[in-house]
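Asker: Please find the sequence and the predicted model below.
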Amino acid sequence: MLGFPAAVAAGYVPVKIFLDMPAEFSLGALPGWVLVDLAGYLVAGLVLLLGSLATLFRATAGAVLLGLGALLAIGALLTEPLSVGVPPARFADAMFTHGGFAMADRVGLAALAVLVLVLAFLPPTFRYLRYRASVLPVLSGQGAYSPRSW
């Protein structure tokens, strides 16, 4: 269930940047590393969303997708200062002093991504996803319909 908020937090970063971009500015004018970082956030959000939906239907692949999405989100968070061209300590200082909701979103994403990564690969998670309830016939017992009674 933590995958849904992590997917929203990962998708918020590029959407906010796209919406705040001036009309006369295009994506082609951005440096390549910034585009890679924004794509990393978008892909992480999509993979986290797909993994969350898959785990609702008790698919084992959902846990793997959640782990992969969490790794992508952590990677996007770590490469963001490098894509802008500032040292990570200076980027973190600027985020915590002038970041506002963007800072809270990134801190929340970091916490959620680590939690999702750990919880997705725990053995009880895979046991839960692999468990299938036994299917009992609708009619059972002595008076049940049997094809041999014809």
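Answerer: Right, received. Where do you want to start?
Asker: what about residue 106, how many residues close to it?
Answerer: 22 (other Cβ atoms under 10 Å). In short, each C-beta sits where N, CA and C put it, glycine included.
Asker: quick check, distance from the helix or strand harbouring it to the centre of its chain.
Answerer: Using DSSP states H and E, residue 106 maps to helix 101-120. Its chain's C-alpha centre lies 9 Å from the corresponding centre of helix 101-120 when counted by Cα atoms, centre = their mean, to the nearest Å.
Asker: who does it touch, helix- and strand-wise?
Answerer: The contact analysis (3 or more Cβ pairs under 8 Å, 6 or more residues apart in numbering; DSSP states H and E) places helix 101-120 against helix 3-20, helix 32-56, helix 60-84, helix 88-98.
Asker: could you dump those to a markdown table with mean neighbour count and distance to residue 128?
Answerer: Below are the helices and strands packed on helix 101-120 laid out as a markdown table (neighbours: other Cβ atoms under 10 Å; distance: least, Cβ to Cβ, whole Å):
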| stretch | mean neighbour count | distance to residue 128 |
| --- | --- | --- |
| helix 3-20 | 19 | 14 |
| helix 32-56 | 19 | 9 |
| helix 60-84 | 20 | 9 |
| helix 88-98 | 12 | 36 |
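Asker: Of all those helices, which one is nearest residue 125?
Answerer: Smallest distance to residue 125 across the helices and strands packed on helix 101-120 (Cβ to Cβ): 5.3 Å, for helix 60-84.
Asker: From residue 116, how far off is the most centrally placed residue in the chain?
Answerer: Closest to where the C-alpha atoms of the chain average out (Cα atoms, centre = their mean) is residue 48, at 2.4 Å. Separation of residue 48 from residue 116 (Cβ to Cβ, to the nearest Å) stands at 7 Å.
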